[in-house]
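just coords:
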């Protein structure tokens, strides 16, 4: 199997190609006989040849810079013991490819070959593999070779003098013991894993302290048997009271039957299973392990991080993901020019890792795990799943509280401003009424009296003039008539400015007199109705209602065109309601109020200043109704 990854760097050199094209175009223009330039030297032809030389040198410098910027392509060959369908090979290969692409600045092309040594363990097959690789890659520039798996490492060490001479080889994916402790020349570098079944056993017994039986499961391939032999040697060297049973060299069906009926207080240690005793092949982590884990009636432990998520509880596992990252770093250093002899071999220690789902299945609390354990596939609890929701809700609640506090403060401030505005309006209205009272008193007590004296003098003068002076008598009578009219108007204006009837007789008589006077003066029928007002109205409320009726009738005369009006005073609970209505032309309340002026605003301000409400109802062609509600308390 071969994987080829080719990256294109055409975008990097586009700008350089563009400059070269421009310069070539300039050269073409210079060599063209039709191209003319004003010579800066005495000889125009000499100037053209000098310019041509300068452009050629410039082109050479550009091309040299472009070649220096584009790094040469590097080739990396990854030799795997098994195919990419196996979890270990796939994990390591992905980490190497991704890591090298991120770390190096070179254009890197990757090749991958599956040597499949598990199914070809004899020497003739190894020789055939050697010849095949030599033929395929002998004439190919290979910068780094990565060897994954014990047989691959032994194969390259045995044929180091034939294959990939002077090419650095990076090893990974196995323990030094599984590889047979090979003698490697200086071209070899890389990492070894550490197989520590004893630590996995210790972790399993700590989690399940009542363990009495340990069943070690392995396959029948060469690799399986090597791992089984190393595990037996490790367990033979430790002192423990548990009983070991080694389930290897068995047909898969028989193995699964035995695992279904394990005795109590048992655990299973899964090593590897690439092939059963009948020669049937299996994908180790993704096929054989799930079969074993689902059949076993006891918890299963393992020693590879690629087993996590496929049925094992966990253990002291070989971290192939980390080994892939370290291998990528070593490959990147070699591609950058570092010598393999200068990169020492590294031995990676295992890591305690456990599958959260299997811990839940076997009811193992996290507190029972060894110190430093790492849990993978952890599904967050209710709080972890919903904490962002609770956090968002808390932020929203806090925001709403802040908004409510702000609105409460704003409302309080608005209420204070409104109250202050109403008080100011009341003060202005009170000052206006006082000024009205003063002017009305002046008109009544001063100007009216002076006009009366003037009228009396004119009358006496008319009587003292001889009867023969007809023209003079006519003029004096006209002046006397005008003076009487002026006195009458001043008297009316005085009553409009300040009603003495309101002060002396109360609201209802004052409004009645106002309606009669208005009807007499303007020839408009005014129907006045007063219901259920038996007690005196407070002076402020009475003055407010009187002014509303007065201003309402005045607006009716100016704008409505009506010949009849209705004024009503009635009591409703603790409120006094006054209504002024007509059947005139009306106006639209939705658009700009063309008929709304100082009068309406004055009425509204007066009503609000005494704590009442004011409303206008009108529509074109259907008349207008002004209604006000004012508090009606005892005087």
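The structure has been received and is ready for your questions. These numbers were taken from a predicted model, which means no experiment stands behind them.

where does the prediction get shaky in the stretch 401-550 of the chain?
Per-residue confidence for the stretch 401-550 of the chain (pLDDT under 70) gives these ranges: 421-423, 425-426, 428-438, 440-446, 448-449, 468, 491-492, 494-501, 532, 534.

90 instead?
Applying pLDDT under 90 to the stretch 401-550 of the chain flags residues 408-514, 517-523, 529-550.

burial count for the closest residue to residue 564 other than its chain neighbours?
Nearest residue to residue 564 in three dimensions, chain neighbours excluded: residue 525, at 4.5 Å (CB to CB, 6 or more residues apart in numbering). C-betas here are computed from N, CA, C, even on glycine. Neighbourhood size, residue 525 [other CB atoms under 10 Å]: 11.

same question, the one 4 residues further on
Residue 529 sits with 10 neighbouring residues when counted by other CB under 10 Å.

that one is in what secondary structure piece?
Residue 529 is located in strand 525-531, with elements delineated by DSSP states H and E.

I'd like to know which elements that strand is packed against.
helix 507-522, strand 564-572 (3 or more CB pairs under 8 Å, 6 or more residues apart in numbering; DSSP states H and E).

tell me which other helices or strands the next helix or strand after the last one touches.
It refers to strand 564-572. The element immediately downstream of strand 564-572 (helix or strand, assigned by DSSP H and E) is strand 575-582. Identification of packing neighbours for strand 575-582 by 3+ CB pairs under 8 Å, 6+ apart yields helix 539-555, strand 564-572, strand 624-631.

now do the residue nearest to the spatial centre of the chain against residue 530, distance only.
Residue closest to the average C-alpha location in the chain (CA atoms, centre = their mean): residue 392, at 11.7 Å. In this structure, residue 392 and residue 530 are separated by 63 Å, where distance is defined by CB to CB, to the nearest Å.

kindly report the same for residue 278.
In this structure, residue 278 lies at 116 Å from residue 530, with CB to CB as the measure.

any idea how many residues pack against residue 137?
The burial count assigned to residue 137 is 18, neighbours taken as other CB under 10 Å.

ok so, going back, chain center to the strand holding residue 529, what's the gap?
67 Å (CA atoms, centre = their mean, to the nearest Å).

and the angle for it with strand 575-582?
Regarding strand 525-531 and strand 575-582, their directions subtend 160 degrees when assessed with axes from the mean of the first three to the mean of the last three CA atoms, to 10 degrees.

A strand includes residue 111, no?
Yes. The assignment for residue 111 is a strand, going by DSSP: H, G, I helix; E, B strand; the rest coil.

ok, and the helix or strand in this protein with the lowest average confidence?
Between all helices and strands in the chain, the lowest mean by mean pLDDT, DSSP states H and E belongs to helix 14-31, at a mean of 52.

where does pLDDT dip in the stretch 1-150 of the chain?
1-73, 81-91, 101-107, 113-141, 149-150.

give me the buried positions along stretch 150-169.
Applying a neighbour-count criterion of 16 or more other CB atoms under 10 Å, one finds 150-157, 159-160, 163-164, 167-169 buried in stretch 150-169.

same question for stretch 136-149: list its buried residues.
137, 142-149.

tabulate these (a markdown table), appending secondary structure.
Listed next are the buried residues of stretch 136-149 as a markdown table, based on three-state DSSP:
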| residue | secondary structure |
| --- | --- |
| 137 | helix |
| 142 | coil |
| 143 | coil |
| 144 | strand |
| 145 | strand |
| 146 | strand |
| 147 | strand |
| 148 | strand |
| 149 | coil |
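
which two from the residues you listed end up farthest apart in space?
Considering CB to CB, no two members of these lie farther apart than 143 and 149, which are separated by 21.1 Å.

for residue 619, which non-adjacent residue is closest in space?
Closest residue to residue 619 apart from its sequence neighbours, by CB to CB, 6+ apart: residue 586 at 5.4 Å.

just checking, that neighbour touches residue 617?
No. Checked against CB atoms under 8 Å, the pair residue 586 and residue 617 is beyond contact range at 9.2 Å.

more crowded one of these two?
residue 586 (21 against 14).

distance of the more buried one from residue 73?
Summarising the geometry, the distance separating residue 586 from residue 73, computed by CB to CB, is 90 Å.

ditto for residue 369
48 Å.

who has more neighbours out of those two?
Comparing residue 369 with residue 73 by other CB under 10 Å, the one with more neighbours is residue 369, at 19 against 14.

the more buried one and residue 354 touch, don't they?
Yes. Contact status for residue 369 versus residue 354: in contact at 6.1 Å, counting by CB under 8 Å.

shared neighbours, these two?
residue 375 (CB atoms under 8 Å, 6 or more residues apart in numbering).

ok, now which ones touch the nearest residue to residue 364 once chain neighbours are set aside?
With CB to CB, 6+ apart as the measure, residue 207 is the residue that lies nearest to residue 364, at 5.5 Å, once sequence neighbours are left out. In this structure, residue 207 makes contact with 299, 313, 364, 368-369, judged by CB under 8 Å, 6+ apart.

redo that, cut-off 10 Å
For residue 207, the contacting residues are 267, 299, 301, 313-315, 354, 359, 362, 364-365, 368-370, 373, by CB atoms under 10 Å, 6 or more residues apart in numbering.

try residue 283
Residue 283 neighbours (CB under 10 Å, 6+ apart): 82-83, 85-87, 273-274, 289-290.

returning to that earlier point: residue 212 is nearest to which of the helices and strands packed on strand 525-531?
Residue 212 lies closest, by CB to CB, to one member of the helices and strands packed on strand 525-531: strand 564-572, at 94.6 Å.

angle of the closest one against helix 507-522?
Inter-element angle recorded for strand 564-572 and helix 507-522: 170 degrees (by the same axes, to 10 degrees).

strand partners of strand 564-572, parallel vs antiparallel please.
In the sheet containing strand 564-572, its partner strands are strand 525-531 (parallel), strand 575-582 (antiparallel), by DSSP bridges.

buried ones in that strand?
Under the neighbour-count criterion of 16+ other CB under 10 Å, strand 564-572 has 565-569, 571 buried.

A helix includes residue 453, no?
Yes. Residue state for residue 453 (three-state DSSP) corresponds to a helix.

report how many residues lie close to it.
Per other CB under 10 Å, the neighbour tally for residue 453 reads 11.

how long is stretch 225-244 end to end?
Between the opening and closing residues of stretch 225-244 we find a distance of 17 Å, counting by CA to CA, to the nearest Å.

from the chain's centre, how far out does it sit?
Relative to the centre of its chain, stretch 225-244 is centred 55 Å away, using CA atoms, centre = their mean.

for stretch 342-350, same thing?
Using CA atoms, centre = their mean, the distance between the centre of stretch 342-350 and that of its chain works out at 44 Å.

so for it, what's the average pLDDT?
For stretch 342-350, mean pLDDT is 93.

and the contacts of it?
Taking contacts as CB under 10 Å, 6+ apart, the residues outside stretch 342-350 that touch it are 168, 170-172, 175-176, 184, 186, 188-196, 199-200, 303-305, 315-320, 322-323, 326-327, 329-330, 333-334.

restrict these to the buried ones and give me that as a PyMOL selection.
Selection of buried members from the contacts of stretch 342-350 for PyMOL, criterion 16+ other CB under 10 Å:
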select buried, resi 168+170+171+172+175+176+184+188+189+190+191+192+193+194+195+196+199+200+303+304+305+315+316+317+318+319+320+322+323+326+327+329+330+333+334
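
among the contacts of stretch 342-350, which are in strands?
Among the contacts of stretch 342-350, DSSP state E puts 170-172, 188-192, 315-317 in strands.

is it possible to export those residues to TSV including pLDDT and distance to residue 520?
Written out in TSV, the entries for those read as follows (pLDDT from 0 to 100; distance: CB to CB, whole Å):
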residue	pLDDT	distance to residue 520
170	96	119
171	94	123
172	92	117
188	95	127
189	95	122
190	95	120
191	94	118
192	94	122
315	95	113
316	95	115
317	95	112
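
and the residues you listed as TSV, adding distance to residue 396?
TSV is the format used below for those (distance: CB to CB, whole Å):
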residue	distance to residue 396
170	55
171	57
172	52
188	62
189	57
190	55
191	51
192	55
315	45
316	47
317	44
